[in-house]
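K.L.:
build me a model:
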Amino acid sequence: MALFNIFSKDKNEKLEKGLEKTKVSVFSKLAKAIVGKSTVDADVLDKLEEVLISSDVGVETTLKIIKRIEQRAAKNKYVGTDELNNILKEEISSLLEENNAENIIDFSVPENKKPYVIMVVGVNGVGKTTTIGKLAYQFKKTGKTVLLGAADTFRAAAVEQLCIWADRVDVPIVKQAMGADPASVAFDTLNSAKTKDIDIVIIDTAGRLHNKISLMNELSKIKKVMSKIIPDAPHEIILVLDGSTGQNAFEQTKQFTMATEVNSLVVTKLDGTAKGGVVIGISDQFKIPVKYIGIGEGIEDLQVFHKKEFVNSLFATS
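P.N.:
Numbering: from 1, shown residues only. Here you go, the predicted model:
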C-alpha cells in the first residue's frame, strides 16, 4: 500500500467523496449492463461502451478502452463479468499513465525560474478565479511568495473577485481600471514581481470565446509583452475546465489549445457532477497533463492530480 501513501488519509477520503457522484453513476449503469451475464461478450462490451460515453469519457477514448478489454477477453478466452471492474480499472490506469508521462507530486515549481510565471485561461464560470486563489494559497503554504495579476479587465466582477481572493490568501495583486489593456496589466505585474523578488506570478485572463480571433490576438499580445520582461514567460499556461460541463469541456479545450500553447489543465467542480469521466477523456485525447482537480468549495479542495490515486478512488468500494 506504500504506493498510495503520497496522499494523506484525509485527502484520500476527500477525493473519494468528491468522485462519489461519478462512481455511483458509472457502477449503477455497469451493474445493469452485466446483469444476467457470466462472461464479457459482445453484448456486455456494447453496454460498457454506452456507460463510458454517457459518463463523458468521450467516444475516442471509450473505443480505446473497449478495444483493450476486447483483446484481453479474446486472449484469456474466458473473462467473467465479476472481473470487469478490475480490468476496467487497470486499463484506465494504463491509459492515463501512457498519456501523462509527467508525475506531479505537489504544488512545487521549478527553482531555476524566478519569478515562475503562470498564465491562467478558461471561459467565464468554470472556476478560473477561484482556482487562482486556491493555487496562490497552496503555493504560499510551501513558503513561496506569490503575486496576482488581474488581467481579466473585460469584467469588473473578475477583478473584484480576484481582489477578494488576494485579501483572503494575503498575497499582493496588481490591477488597473476595468477596460484597461490586459497586456499592460501583465507588464506591470511582471515588473513588480522582478522588483519585489517574487517567486510565483499568476496572471488571470479574460474568459470569453465568442470571438476566437480576438481571444487569440489578446493572449498572444499578453505573452509577447511578458516575454519582454522575462524572456521565457509565461512558463506555464493553465486551462481551467468545469468538469460538470462534460462534452463542452472537450470543445473548450479544443478552442483554447488553438488559441494558445496550453501545457497543463485544471478540472474543477468534480464533486458536483457524475461526469468525472471527462478527466480521463480530455487527458487522453489532448495529451495535456491534468495537473490539478477541484473536488469541493473549500480552500484546501484543490488537489494535485495523482493518476493512480484518482482511478483508485473512482473504483474504491465502500
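K.L.:
okay, which residue is most central for the protein?
P.N.:
Of all residues in the chain, the one closest to the mean position by CA atoms, centre = their mean is V266, 2.2 Å from it.
K.L.:
assumed that residue was part of a strand.
P.N.:
Yes. Assessed by DSSP: H, G, I helix; E, B strand; the rest coil, V266 belongs to a strand.
K.L.:
bridged to it, which residues?
P.N.:
On the basis of DSSP bridges, V266 is bridged to V240, Y292.
K.L.:
now for it: which residues touch it?
P.N.:
By CB atoms under 8 Å, 6 or more residues apart in numbering, the contact set of V266 is 131, 238-241, 290-294, 302. Just so you know, the C-beta spots here come from the backbone N, C-alpha and C atoms, and that holds for glycine as well.
K.L.:
what about 7 Å?
P.N.:
131, 238, 240-241, 291-292, 294 (CB atoms under 7 Å, 6 or more residues apart in numbering).
K.L.:
out of the residues you listed, which two are the most distant from each other?
P.N.:
Farthest pair in these (CB to CB) is I238 and G294. Separation: 12.4 Å.
K.L.:
neighbour count winner among these two?
P.N.:
Neighbour tally, I238 and G294, criterion other CB atoms under 10 Å: the higher count belongs to G294, 26 against 23.
K.L.:
burial count for the closest residue to that one other than its chain neighbours?
P.N.:
Closest residue to G294 apart from its sequence neighbours, by CB to CB, 6 or more residues apart in numbering: T268 at 3.5 Å. Number of residues near T268 (other CB under 10 Å) recorded here: 28.
K.L.:
which residues does T268 contact?
P.N.:
Contacts for T268 (CB under 7 Å, 6+ apart) come out as 126-127, 131, 240-243, 294.
K.L.:
and it, how far from L135?
P.N.:
Taking CB to CB, to the nearest Å as the measure, T268 falls 12 Å from L135.
K.L.:
so how many other residues sit close to the closest residue to L270 other than its chain neighbours?
P.N.:
Excluding the flanking residues, the one nearest L270 by CB to CB, 6+ apart is G243, at 4.5 Å. The tally of other residues near G243 (other CB under 10 Å) stands at 29.
K.L.:
ok, G243 touching K269?
P.N.:
Yes. The pair G243 and K269 passes the contact test of CB atoms under 7 Å, sitting 5.3 Å apart.
K.L.:
so where is this structure shaky, pLDDT-wise?
P.N.:
Low-confidence segments of the chain (pLDDT under 70): 1-12, 27, 33, 35-36, 77-81, 99-103, 209-212, 317-318.
K.L.:
please enumerate the helices of the protein.
P.N.:
All helices of the chain, identified by DSSP state H, fall at 9-18, 20-34, 42-54, 59-76, 84-99, 128-141, 156-169, 182-195, 212-229, 247-259, 278-286, 307-314.
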